[in-house]
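fold the stuff below for me.
(chains A, B, C and D)
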Protein chains: 4
Amino acid sequence: MAAASNFYSIVAGVGAGTGRSVALKFAKTYPIALLSRNPENYEPVVKEINAAGGRAIGVSTDVSSELSVKKAFAEIEREFEGKKLAAAIYNVGGRFVRKPFLELTREEYEAGYQANGIGFYLFAQATLPGLLTSVPDAPHPPSLIITGATASLRGSATMSSFSSGKFALRATGQSLAREFGPQGVHVAHAIIDGVIDIPRTKDWPINGGAPGGKISPDAIADSYWYLHTQPRSHFTQELDVRPYVEKF
Amino acid sequence: MAAASNFYSIVAGVGAGTGRSVALKFAKTYPIALLSRNPENYEPVVKEINAAGGRAIGVSTDVSSELSVKKAFAEIEREFEGKKLAAAIYNVGGRFVRKPFLELTREEYEAGYQANGIGFYLFAQATLPGLLTSVPDAPHPPSLIITGATASLRGSATMSSFSSGKFALRATGQSLAREFGPQGVHVAHAIIDGVIDIPRTKDWPINGGAPGGKISPDAIADSYWYLHTQPRSHFTQELDVRPYVEKF
Amino acid sequence: MAAASNFYSIVAGVGAGTGRSVALKFAKTYPIALLSRNPENYEPVVKEINAAGGRAIGVSTDVSSELSVKKAFAEIEREFEGKKLAAAIYNVGGRFVRKPFLELTREEYEAGYQANGIGFYLFAQATLPGLLTSVPDAPHPPSLIITGATASLRGSATMSSFSSGKFALRATGQSLAREFGPQGVHVAHAIIDGVIDIPRTKDWPINGGAPGGKISPDAIADSYWYLHTQPRSHFTQELDVRPYVEKF
Amino acid sequence: MAAASNFYSIVAGVGAGTGRSVALKFAKTYPIALLSRNPENYEPVVKEINAAGGRAIGVSTDVSSELSVKKAFAEIEREFEGKKLAAAIYNVGGRFVRKPFLELTREEYEAGYQANGIGFYLFAQATLPGLLTSVPDAPHPPSLIITGATASLRGSATMSSFSSGKFALRATGQSLAREFGPQGVHVAHAIIDGVIDIPRTKDWPINGGAPGGKISPDAIADSYWYLHTQPRSHFTQELDVRPYVEKF
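This is a model prediction of the structure:
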């Protein structure tokens, strides 16, 4: 665990799954800020990192609230003063609503966009200036890494809320990749196609209960780190991941 | 022009281009309601249809306002009482903002979603119940037809506002196609890849000024009518259109 | 049925389904040549068209054989001397092999490409010069229309032969659309996603036996005619079609 | 360099670029067989690996010839007797023909499929049985990794030969991923979207000559190794790579 780097990192959307694994992975190299609405989500991870000799802070943040994001980044910049931003990971799932369309309230429909549209807009606005500043001397191309889903590519029945948010997120990610890639910032989008193997999904009978039938969040963290360490002559914009037994 | 059908149709987003042509086309068979924020946009088309012996009304509507949409549909249902809905076309462009991302305000970013996310959600909520009711006796499968764009498939640099809205629209359209298709409602999405040939674009030097280098809005109207008249054993969910000289 | 047009048309791959319906449709406007390996496939259709006052000839052709294709086109040009080519439809299915990959012989693997790669190369080489010649005075943009399948977009397990052929066909179609579109020839690709409703599939329990659960070949023919009659300012390059109850 | 592993690897398509870098990378862990038509292509790489304490053999192979592939694999199996296959990389470019379609000979059109269709069929037939055998005890999921290109996703004008081959390759790769993934073999496809930085392209004015404007072949090798070492609960089927300054 690295407490003393000149660079730091941020992950938004930290719970028991991907966010935790990503935080542990990046914290090996960079001090890290963990954003989550509910402190219960990041506190155990913050402790785990700091106990292991790394440096982590948690900031309670509602990513779809401009004010909340502003306050969070003010705190992060105070905390990591003098350091530059090396990597920012947007891993916000958001409220998952699955309902017949005619029963879906406007608020429920918008929930997908609040989390993955507005939330990502605010996160990208807050992190891109720092990432750009880091381009000349960062050890790896400064990276903005985005967690997508099956629903990023496909609008399934009764999934319009989640899909419209994930489609909007992917559109914005592509747009940023095309604008900021040539400036040296690596914007990458991962399509997570499967159920994550976390305590909450332990008993879900996914893929017939096959061993390895859920996605290891540590493996996702490895893939994000791999993306982050790609040189600028070899940027991956998008990759998919799924368990070997997942139908696709 | 048909003033006396038992069915009616609706087009949201009527100006001098696609909306006008679509309205004229569908008005040959069904009375039609034209929605636009600014009455100046639909008034000439309403007159043109009524003068030709058809029946059209215009309703000033802000599609991203729940209240405005409610009022509009109350008026439409009053006006067309006793008739059933045969076709609803969502042709809203929305405010087109093209700007470096870090200069894009939150309001500008959201404009894409307001027009193509929320606007379409409200429109679909208002029209799907009527379309479902028409399934058993409509002459053609009741249709919800959506205008997409190049930006529906690709997030270009500095286009995150428009693209995120058009991606969200496409996601929602796919979701509705998968939910309502099996119930007999045809949800189709057209990717308009090029500049429309309308008075405003007359002098744009598109495709080297080649004749036919801009998309004829009448041809778009024909394609929407073709989609509307497909039988249920042969639904097209998506098609692209572009001028023969357009690079793609 | 039109026996006297200055233009003619060609359809390769004629049996009891799409090919027959397409031939009947185009024969209403243009004399037509029907290509099939086995005369039993086209003979009833040729009779049907000629009996109805149209003009059709059948030519026994192996589309993957250069010699056979040459002979066929020599015969067609003799037969329709003085006429120009308005539309060419490539509707070849080919041998459908579905087998575990390690049991698939090289000949079986290649069958997909023979039908949809080489076959289409030879067909396009034979028809594009005529289509180009027709550009200035044809009533509609001369058209090369291609029948694709679900397998054009997706390589399913045990389907590598068929998919690799259909992918190659789509690649070639896109390439030709980009090369010949600007010269006025309309190259379009239809993704037929479902089972065609023909005598052979009558008892297949598709989509739970739902009425309209198989694709009407006449509706496919209508869509090909619609594609053919699009003006050059509005070319569709690709559309999908499926029954309303088809999962996708 | 590892000369003593119980596993070996194979790379088909070795020259001065991707193939060489991939060979050097995988040779650090596994003895490796290098396939190329022309021994001049693999000989320097074989020497480089063996000199560094690794173990490599080169086999002159025409991947589109069944006989040649059979002989090559007989030699490889003799050479690596007692070892199991851990990874097989298909990196065959093939003859690149760019020509107006009507000037393209049948032989030229077929060249794309010979290299990327038939060639890959023969390679996959020869390697999958060995990869399957290795599943229970290999250190990483046995892998079949495929080099794609921009042309795998897009049929550009005058590129039908190369595109139809690369589309066919991608179709076959998807089909194998879906058939053999659930059996534990990782089939992955990389879309290389840009010019590789090799001696031959040294003076090509790519991306305005920007530093890092061509793809580092060593970075491609790293990505293939990353793909190979993914656990089965997290298989990437497809990723794209391009230089940060590449337009896409």
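
please name the nearest non-neighbouring residue to A:A86.
Spatial nearest neighbour of A:A86, excluding adjacent residues (Cβ to Cβ, 6 or more residues apart in numbering or on different chains): A:F7 at 3.7 Å. For every residue, glycine as well, the C-beta is placed using N, CA and C.

how about that neighbour, what does it touch?
Residues near A:F7 by Cβ atoms under 8 Å, 6 or more residues apart in numbering or on different chains: A:30, A:83-86, A:134, A:138-139.

same check, this time on A:D197
Counting by Cβ under 8 Å, 6+ apart, A:D197 touches A:214-217, D:233.

could you dump the contacts of A:F7 to a markdown table with neighbour count and pLDDT?
As requested, the contacts of A:F7 are exported to a markdown table (neighbours: other Cβ atoms under 10 Å in any protein chain shown; pLDDT from 0 to 100):
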| residue | neighbour count | pLDDT |
| --- | --- | --- |
| A:Y30 | 26 | 98 |
| A:K83 | 19 | 98 |
| A:K84 | 19 | 98 |
| A:L85 | 27 | 98 |
| A:A86 | 26 | 98 |
| A:S134 | 24 | 98 |
| A:A138 | 20 | 97 |
| A:P139 | 14 | 96 |
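
what residues does chain A put near chain D?
By Cβ under 8 Å from any Cβ of the partner chain, the part of chain A that sits against chain D consists of A:141, A:178, A:181-182, A:184, A:186, A:197, A:212-216, A:219-220, A:222-223, A:226, A:230-245, A:248.

report the central residue of chain A.
A:N91 (2.2 Å; Cα atoms, centre = their mean).

who are the contact partners of that one?
Applying Cβ under 8 Å, 6+ apart, we find A:N91 in contact with A:11-14, A:18-19, A:22, A:147.

what sits closest to it if chain neighbours are left out?
With Cβ to Cβ, 6+ apart, the residue lying closest to A:N91 is A:G13, at 3.7 Å.

next: A:M1.
Closest residue to A:M1 apart from its sequence neighbours, by Cβ to Cβ, 6+ apart: A:G54 at 3.0 Å.

any idea which helix or strand comes after the helix or strand hosting A:A190?
A:A190 belongs to strand A:186-192 when assigned by DSSP states H and E. Using DSSP H and E, the helix or strand that follows strand A:186-192 in sequence is helix A:217-229.

where do the helices sit along chain A?
Here chain A has its helices, by DSSP state H, at A:18-27, A:39-51, A:66-79, A:106-113, A:119-134, A:160-180, A:217-229.

A:V14 against A:A23, yeah?
Yes. The pair A:V14 / A:A23 is scored as a contact, 5.9 Å apart, by Cβ atoms under 8 Å.

shared neighbours of the two, anything?
With Cβ under 8 Å, 6+ apart, A:V14 and A:A23 have common neighbours A:34, A:45.

for the residue nearest to A:A86, give me the pLDDT.
Per-residue confidence (pLDDT) for A:F7: 98.

that one bridge partners, please.
Beta-bridge partners of A:F7, counted by DSSP bridges, are A:K84.

same deal with A:L34?
With DSSP bridges as the rule, A:L34 is bridged to A:V11, A:G58.

isn't it up against A:Y42?
Yes. In this structure, A:L34 is within contact of A:Y42 by Cβ under 8 Å, at 4.1 Å.

residues that sit against both of the two, list them.
Common neighbours of A:L34 and A:Y42, using Cβ under 8 Å, 6+ apart, are A:14, A:19, A:58-59.

chain D: which of those is nearest?
A:G19 (16.0 Å; Cβ to the nearest Cβ).

that closest one touches A:G13, doesn't it?
Yes. Using Cβ under 8 Å, A:G19 makes contact with A:G13 at a distance of 5.0 Å.

shared neighbours, those two?
Common neighbours of A:G19 and A:G13 (criterion: Cβ under 8 Å, 6+ apart): A:36, A:91.

just give me the neighbour total for A:T61.
27 (other Cβ atoms under 10 Å in any protein chain shown).

same thing with A:E43?
A:E43 is flanked by 15 other residues according to other Cβ under 10 Å.

list the contacts of it.
Here A:E43 is in contact with A:G58 (Cβ under 8 Å, 6+ apart).

from D:F80, how far out is it?
Distance, A:E43 to D:F80, by Cβ to Cβ, to the nearest Å: 52 Å.

what do you get for A:A33?
For A:A33, the distance to D:F80 equals 50 Å [Cβ to Cβ].

let's see the pLDDT reported for the residue in chain A sticking out farthest from the centre.
The C-alpha centroid of chain A is most remote from A:L102, which lies 30.9 Å away (Cα atoms, centre = their mean). What the model reports for A:L102 is a pLDDT of 98.
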